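Visitor: any chance you can model this:
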Amino acid sequence: MRGENDRRRLIQRQWGRRQALGLSAAGMAALGAACGGRRPQSGSPASSSAQGPSGSPVRGGTFTAFWNANPPSLDPQFFTTGATTSFACAAMSSLLRFKLGADPQVGLNHDLENDLAVSVESPDAATWSIKLRPDAKFHNIPPVNGHAIEAEDAKATYIRAVTSPQNPNRGGLNMVDPDKIETPTRDTIVFKLNFPYAPFPNLLASVQYGLTYPREVLTGGYDPSKQVIGSGPFVFDSYTPDVAVALKRNPDYYEKGLPYADGVRHAVITTTAQQIAQFTGGNLDTVRVPQNDLESTKSSNPKAREITVTSGGIGALYFQLGDPASPFQDVRLRRAVSMAIDRAAIGKAVYDNKYDLNFSVLLSMGKWALKLDQLDPSVQEYYKFNLPEAKRLVQEAGGANLNVKFAYPIGAFSPEGDTFAQTIYSMLSALPWKITLVQLDYNKDFLAGGKGYNAGFFPADTILWGGVNPFGEADQYLFGYYHSKSATNKEHLNDPAFDALVDKARGTVDIEARRQAYLAAQKYLADKMLSVMGLPAGFSHTLVQSGVQDFKYVPETNSSGRAWSSVWLRNQR
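Guide: Numbers count the residues shown, from 1 in each chain. As a prediction, this is how the structure comes out:
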């Protein structure tokens, strides 16, 4: 009993205090410069944005957002991390996009609307015909020089996505045959899929797949890892590592009058304390605040608007299931890992008991995501803390003499990610084996140009703490992370029974029947514990400066830059 109380106090100590800022005035000034400084005052050349009559939108100023890491590349198709897609989708359009609104529920519904397309039609879910809008064109940048967007550009985008081994998500497009993409007219592209795929329109809207490149990307006309060229509301201006990505207004954007802001600075701010300090100082327009810091941050920013929604969670634990020698081929060890995690203790310490359990499809997918109470009661037991049973399972599986590793990428996920990983590691240390903590460099070890831990290239004796990318379609989670034919199968899993469940869902046209089929696949994963899921996920708290108008909440399944075109700025402080 004493050991249990000591362990709980350790968790509370780890989570109960935030690191003090410890920033000098000079340090705060440097951070302010990195974020672009305070908003220009009325009458300065950079700000023509005095409030319009009756609160009507006006143009001017710079909207400042942030990410907690440098983008590994400027190419969103090959590096689909939030550090890249969050600003790339402000510069690049897609054929379709998810609707957004001032009410967060609009985004969470995952309803579609046209972007570059004016119509998307299919008679059978196998042949899809898309008609393009006539008034959209690429940015006026060499080598494209503002040419009109045509079907050949969309075709080039998907050929590159499907055929390039550098694209980590290409396996999720296995329904697309590049030889069966037709462009009968300049404004029409036709996909003849390898098999009926009912969720195909959602892929067209996805920031992981759907951002449209100019056809010059296939001919080497420019390097997309260093230059972003799209047709979105903002034009890529510059990137300074450890400082910011800068975007400027696209005067030729097809949605006339948008965007309102003259530019966007996407600052690189690596710690939660610095992010909150910069928001409080007026140098950030929006900030995500952890539960434990919410009340103090609101107190320091009484005029800020608060948006609270269900969070997608932080991550999951993955095993090396592609190697027959892996000890985690034994389901008893996988279940032991899950039962050794005290989810209630984490939920109390991290989220003040305001949390839910997140399974293989993020909670931000709403009704498409599995909930604990949908599992058979016998399976629910695997997601409850039971250290004696976990120890028994390890002994029974012959794991008492194992030397295992617990690996995670430092600073890669949400602000809580590192401590979350270390807390789980401390819990797993209570099992009757020897476990070693391995800290990974995000770019060098975790990504490693598509050959790192994130792509499933990790030792058989390792438990990997990895993130779950936010997608806008259940199939992108289930096929993408677990199907044997997926290039993003982190565990190199090859389970024919699971594959069959996903394949059935992918071809089901009726939406409710498809939802049930994807839930069946999630239940199978949860029962077999093919990765350790059901981990606590709290609520996402976003604060927005009072002078920021028409800010639309973007769920984790989308990407924040898609909301920036409608933002306009009153004069601030």
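
Visitor: can you pull out the strands in the stretch 101-250 of the chain?
Guide: Under the criterion DSSP state E, counting those that start in this stretch, the stretch 101-250 of the chain contains strands at 112-114, 117-121, 127-132, 181-185, 188-192, 234-240, 244-249.

Visitor: deepest-packed of those strands, please.
Guide: Most buried of those by mean neighbour count (mean count of other CB atoms under 10 Å) is strand 244-249; its value is a mean of 23. For the C-beta atoms, the positions are set from N, CA and C on the backbone; glycine is no exception.

Visitor: going C-terminal from that strand, what's the next secondary structure element?
Guide: The C-terminal neighbour of strand 244-249 among helices and strands, as given by DSSP states H and E, is strand 263-268.

Visitor: looking at that following strand now, give me its mean pLDDT.
Guide: For strand 263-268, mean pLDDT rounds to 96.

Visitor: circling back: turn the strands of the stretch 101-250 of the chain into TSV, including mean pLDDT and distance to Trp568.
Guide: Below are those laid out as TSV (pLDDT from 0 to 100; distance: least, CB to CB, whole Å):
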stretch	mean pLDDT	distance to Trp568
strand 112-114	94	21
strand 117-121	96	27
strand 127-132	98	29
strand 181-185	98	37
strand 188-192	98	34
strand 234-240	97	14
strand 244-249	97	12
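
Visitor: of the ones you listed, which is nearest Ala537?
Guide: strand 112-114 (25.3 Å; CB to CB).

Visitor: give me the helices and strands touching that closest one, please.
Guide: Counting contacts by 3 or more CB pairs under 8 Å, 6 or more residues apart in numbering; DSSP states H and E, strand 112-114 packs against strand 96-98, helix 200-205.

Visitor: one more time with 10 Å
Guide: Counting contacts by 3 or more CB pairs under 10 Å, 6 or more residues apart in numbering; DSSP states H and E, strand 112-114 packs against strand 96-98, strand 127-132, helix 200-205.

Visitor: tell me which of these lies nearest to Met365.
Guide: Closest to Met365 of the helices and strands packed on strand 112-114, according to CB to CB: helix 200-205, at 10.8 Å.

Visitor: how far does that closest one sit from its chain's centre?
Guide: Centroid separation for helix 200-205 versus its chain: 16 Å, with CA atoms, centre = their mean, to the nearest Å.

Visitor: okay, buried residues for that helix please.
Guide: For helix 200-205, a neighbour-count test (16 or more other CB atoms under 10 Å) marks 200-205 as buried.

Visitor: out of these, which is nearest to Gly172?
Guide: Once CB to CB is applied, the member of the buried residues of helix 200-205 that ends up nearest Gly172 is Leu203, at 7.4 Å.

Visitor: and the closest one, how far from Val289?
Guide: Distance of Leu203 to Val289, given as CB to CB, to the nearest Å: 32 Å.

Visitor: re earlier: format the helices and strands packed on strand 112-114 as a markdown table; extra columns: distance to Val361.
Guide: Putting the helices and strands packed on strand 112-114 into a markdown table (distance: least, CB to CB, whole Å) gives the following:
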| stretch | distance to Val361 |
| --- | --- |
| strand 96-98 | 16 |
| strand 127-132 | 24 |
| helix 200-205 | 13 |
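
Visitor: out of these, which is closest to Gly230?
Guide: Using CB to CB, those put strand 96-98 closest to Gly230, at 12.9 Å.

Visitor: what's the closest one packed up against?
Guide: Where contact means 3+ CB pairs under 10 Å, 6+ apart, strand 96-98 is packed against helix 104-108, strand 112-114, strand 117-121, helix 200-205.

Visitor: now distance to Met533 too, for these, in CSV please.
Guide: Below are the helices and strands packed on strand 96-98 laid out as CSV (distance: least, CB to CB, whole Å):
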stretch, distance to Met533
helix 104-108, 20
strand 112-114, 27
strand 117-121, 33
helix 200-205, 22
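
Visitor: how about Pro72, what does it touch?
Guide: 78-79, 81, 83-84, 225, 442-443, 446-447, 449 (CB atoms under 10 Å, 6 or more residues apart in numbering).

Visitor: ok so, going back, tell me the two of the buried residues of helix 200-205 that are most distant?
Guide: Maximum pairwise distance in the buried residues of helix 200-205, criterion CB to CB, is 10.2 Å, between Phe200 and Ala205.

Visitor: find the residues that touch each one of these two.
Guide: 120, 473.

Visitor: which residues of the protein score low on pLDDT?
Guide: Scanning the chain for pLDDT under 70 picks out 1-54, 312, 414-415, 556-558, 571-573.

Visitor: in the helix of greatest length in it, what counts as buried?
Guide: The longest helix of the chain (DSSP state H) is helix 511-528. Going by neighbour count (16+ other CB under 10 Å), the buried part of helix 511-528 is 514, 517-519, 521-526, 528.

Visitor: mind putting those into JSON lines with distance to Lys348?
Guide: Shown next, in JSON lines, are these (distance: CB to CB, whole Å):
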{"residue": "Arg514", "distance to Lys348": "37"}
{"residue": "Ala517", "distance to Lys348": "35"}
{"residue": "Tyr518", "distance to Lys348": "31"}
{"residue": "Leu519", "distance to Lys348": "29"}
{"residue": "Ala521", "distance to Lys348": "31"}
{"residue": "Gln522", "distance to Lys348": "26"}
{"residue": "Lys523", "distance to Lys348": "27"}
{"residue": "Tyr524", "distance to Lys348": "30"}
{"residue": "Leu525", "distance to Lys348": "26"}
{"residue": "Ala526", "distance to Lys348": "23"}
{"residue": "Lys528", "distance to Lys348": "29"}
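
Visitor: much appreciated, bye for now.
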